[in-house]
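> My questions are about this predicted structure, shown below with the sequence.
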Amino acid sequence: MLTIFICPKCYNYRIVSRKPDATCFHCGAMLHRSDIDFIEFTDMSEQERSDYKQKFIQRMKIYKDNTENLLAEQEVK
């Protein structure tokens, strides 16, 4: 089965088969397994893929901000 991964650093897609995890060919980061499957990905238009990527970027930014805030709060204590 083919799996869609997306990079949390440079946001490039990678399609992988038979591996539970993968590394980005562009920046070397560990990739995030996408919640869409290969058939859904191939049925998407370029605009839908771009929209999906933008939503992923926003989720990663929110996660990063929340993590940084949590770490800053722990340092204060």
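Yes, it's here. Numbering: from 1, shown residues only.

> And what about residue 56, helix, strand or coil?
helix (DSSP: H, G, I helix; E, B strand; the rest coil).

> For the chain, just list every one of the strands.
2-6, 13-17, 32-37 (DSSP state E).

> Make CSV out of those and add mean pLDDT and distance to residue 59.
(Glycine included, C-beta is placed from N, CA and C.) CSV is the format used below for these (pLDDT from 0 to 100; distance: least, Cβ to Cβ, whole Å):
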stretch, mean pLDDT, distance to residue 59
strand 2-6, 92, 10
strand 13-17, 92, 15
strand 32-37, 91, 10
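
> From residue 56, how far off is residue 10?
To residue 56, residue 10 is 12 Å away according to Cβ to Cβ, to the nearest Å.

> quick one: which of those two has more around it?
residue 56 (18 against 12; other Cβ atoms under 10 Å).

> Next, the contact list for the more buried one, please.
6, 11, 32, 34 (Cβ atoms under 8 Å, 6 or more residues apart in numbering).

> how about the residues you listed, which pair is most distant?
11 and 34 (11.4 Å; Cβ to Cβ).

> Pick the most deeply packed of the strands of the chain.
strand 2-6 (a mean of 19; mean count of other Cβ atoms under 10 Å).

> from the chain's centre, how far out does it sit?
Put simply, strand 2-6 sits 9 Å off its chain's centre (Cα atoms, centre = their mean, to the nearest Å).

> Tell me where the model's unsure across this structure.
77 (pLDDT under 70).
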